[in-house]
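J.: What follows is a predicted protein model with its sequence.
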Amino acid sequence: MIPPPWQARLQQSAEARLALGRDRGIHPAAGVDVCSNDYLGLRRDPRLAEAAARAAREHGAGAGAARLLRGTCGLHDELEAVLAQWKGAEACLLFNTGYQANATLIPALVGRGDAVFSDALNHASLVDGCRLARANGAQVGIYRHLDLEDLAAQLAAWRAEAPASALALVATDAVFSMDGDTADLPALLALCERHGALLLIDEAHATGLLGAGGAGLAQLQGVHGRVPLVMGTLGKALGSFGAFVCCAALLRDHLLNTARGFIFSTALPPPVLGAALEGIRLARNEPWRRERALTLADRLRSALGQACQPSAIVPVPVGADVAALRLAQALQVRGFDVRAVRPPTVPEGSARLRITTGAHLADGEVVALTDALLDLLQR
Ligand SMILES: *Cc1c(COP(=O)(O)O)cnc(C)c1O
């Protein structure tokens, strides 16, 4: 039998990946969790499990249809109302995943003649949203990471050429997912207001974790309720699954009518909604969880000689893919579930460990991890 041509093609790319130390596989959880995004330790909280079970009993295991058909139950409306209130927004629209939200809300807002400007280190879902907008005829500008002068120059150059009715969107991670650094939202907001641009922030790693009420980076930086488009996820700190966009009612109505990832996808199932509502309640009522996650991260950062940051993500830069893999494996042998992050998730030559802290970690576990890490880095 002659093997079909796709086999040779896929075999070749698998070998190329292996040679680069860049092959990916799915490895089960083992050891102390210092790599998930369960920052508040809520994922396994029995109160979330009970809320999910109650929602399933009352509303069913699945939604049965997209939101615009018969897929909406009272829990969708309740969760949107709670999120809008928490984030200080007029309205909120749920999406099934953060990936779907970002990838489809950008092309729903900007098209031919418009422009979207995106931080160079934004999450892949924002990148794909920009690609779809470009396919619809929008101009895409990538500005240097956190460089607002570069962004201002690109905005001004575009505006000088664009028709008055053209729309500009600026998209940024609030807390960057692989470095744990943060955007300067007040400065971004001022810049966007000056250029009449819409600002979209992705609070996937900030929701539940930052700000006096846990609402996110906008709250921490004093621009709570002022960013026009605040996207966030329910599957990280909040311990459930799904995503949302908080915005004005007019924007929500536009997205509901045009964002294909919202329209053409079965609604979030009731158990996930029940767990998310309980996760938000606990995130707001038990502030010790976020304080603990952030304190542990800063402890680890100072041991590594890094500056304090308002995030629970601690990158350990390595550089070469194989070296990052080896360091991760050595920590795994010592009982810590640490994963190496390699290109294309991070830029070429910047493979690293991505360590995260959560409220579920004991002091002793973080001390042992720090000692093991310092010991291995010295060798
Ligand atoms: C995880 C993540 C997403 C995607 O959210 P999902 O709900 O997991 O699809 C989007 N943006 C950022 C910054 C993320 O870290």
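T.: Sure, I can see it. Residues are numbered from 1 along each chain as shown.

J.: tell me which parts of the stretch 201-350 of the chain are close to the ligand?
T.: Neighbours of the ligand within the stretch 201-350 of the chain, by C-beta under 6 Å from any ligand atom: 202, 204-205, 233, 235, 243. Bear in mind the C-beta positions are built from the backbone N, C-alpha and C, glycine included.

J.: Beyond the one helix or strand Val245 maps to, next helix or strand please.
T.: Assigned by DSSP states H and E, Val245 belongs to strand 243-247. Per DSSP H and E, the first helix or strand lying C-terminal to strand 243-247 is helix 249-258.

J.: Measure how buried Leu188 is and give me the count.
T.: If you count neighbours by other C-beta atoms under 10 Å, Leu188 ends up with 23.

J.: For the strand holding Val245, give the mean pLDDT please.
T.: Averaging pLDDT along strand 243-247 gives 98.

J.: What strands flank it, and is each parallel or antiparallel?
T.: Partner strands for strand 243-247, per DSSP bridges, with pairing direction: strand 91-95 (antiparallel), strand 229-233 (antiparallel).

J.: Tell me the residue of the stretch 151-300 of the chain that sits nearest the ligand?
T.: Per C-beta to the nearest ligand atom, Ala204 is where the stretch 151-300 of the chain lies closest to the ligand, at 3.5 Å.

J.: I figured that residue was touching Asp173, is that so?
T.: Yes. Taking contacts as C-beta atoms under 8 Å, Ala204 lies within contact range of Asp173: 7.4 Å.

J.: Could you tell me which residues touch both of these two?
T.: Common neighbours of Ala204 and Asp173 (criterion: C-beta atoms under 8 Å, 6 or more residues apart in numbering): His123.

J.: ok so, going back, can you tell me, leaving aside adjacent residues, what's nearest to the residue of the stretch 151-300 of the chain closest to the ligand?
T.: The shortest distance from Ala204 to any residue other than its chain neighbours is 4.5 Å, reached at Thr233 (C-beta to C-beta, 6 or more residues apart in numbering).

J.: mind checking how far the one you found is from Leu155?
T.: Per C-beta to C-beta, to the nearest Å, Thr233 is found 28 Å from Leu155.

J.: The two - which one has more neighbours?
T.: A direct count of neighbours by other C-beta under 10 Å for Thr233 and Leu155 places Thr233 higher, at 27 against 23.

J.: pretty sure that one is touching Thr207, no?
T.: Yes. Applying C-beta under 8 Å, one finds Thr233 in contact with Thr207, separated by 6.8 Å.

J.: who touches the residue in the chain positioned nearest to the ligand in this structure?
T.: Residue nearest to the ligand within the chain: Gly98 (2.2 Å; C-beta to the nearest ligand atom). Gly98 makes contact with 123, 125, 202, 204, 231-233, 235, 243 under the criterion C-beta under 8 Å, 6+ apart.

J.: could you pull out the helices for the stretch 101-250 of the chain?
T.: 124-135, 148-161, 185-195, 217-220, 249-258 (DSSP state H, counting those that start in this stretch).

J.: should've said the stretch 251-379 of the chain
T.: Using DSSP H, counting those that start in this stretch, helices in the stretch 251-379 of the chain cover 260-263, 270-285, 288-303, 321-333, 363-378.

J.: Show me what the last one is in contact with.
T.: If I follow you right, that is helix 363-378. 32, 34, 296, 299-300, 303-304, 316, 327, 330-331, 334-336, 355, 357.

J.: And that helix, how far out from the chain middle?
T.: Distance of helix 363-378 from the chain centroid (C-alpha atoms, centre = their mean, to the nearest Å) equals 27 Å.

J.: can you count the residues close to the residue lying closest to Ile313 once chain neighbours are set aside?
T.: Nearest residue to Ile313, sequence neighbours excluded (C-beta to C-beta, 6+ apart): Gly180, at 3.2 Å. Neighbour count of Gly180, defined by other C-beta under 10 Å: 21.

J.: contacting residues for Gly180?
T.: Counted by C-beta under 8 Å, 6+ apart, Gly180 has contacts 205, 297, 309, 311-315.

J.: try Ser311
T.: So Ser311 contacts 175, 180-182, 205-206, 209-210, 294, 297 (C-beta under 8 Å, 6+ apart).

J.: buried subset of those?
T.: 175, 180-182, 205-206, 209-210, 294, 297 (16 or more other C-beta atoms under 10 Å).

J.: want to try CSV for those, with pLDDT as columns?
T.: As requested, the buried ones among the contacts of Ser311 are exported to CSV (pLDDT from 0 to 100):
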residue, pLDDT
Val175, 98
Gly180, 95
Asp181, 96
Thr182, 98
His205, 98
Ala206, 98
Leu209, 98
Leu210, 98
Leu294, 98
Ala297, 97
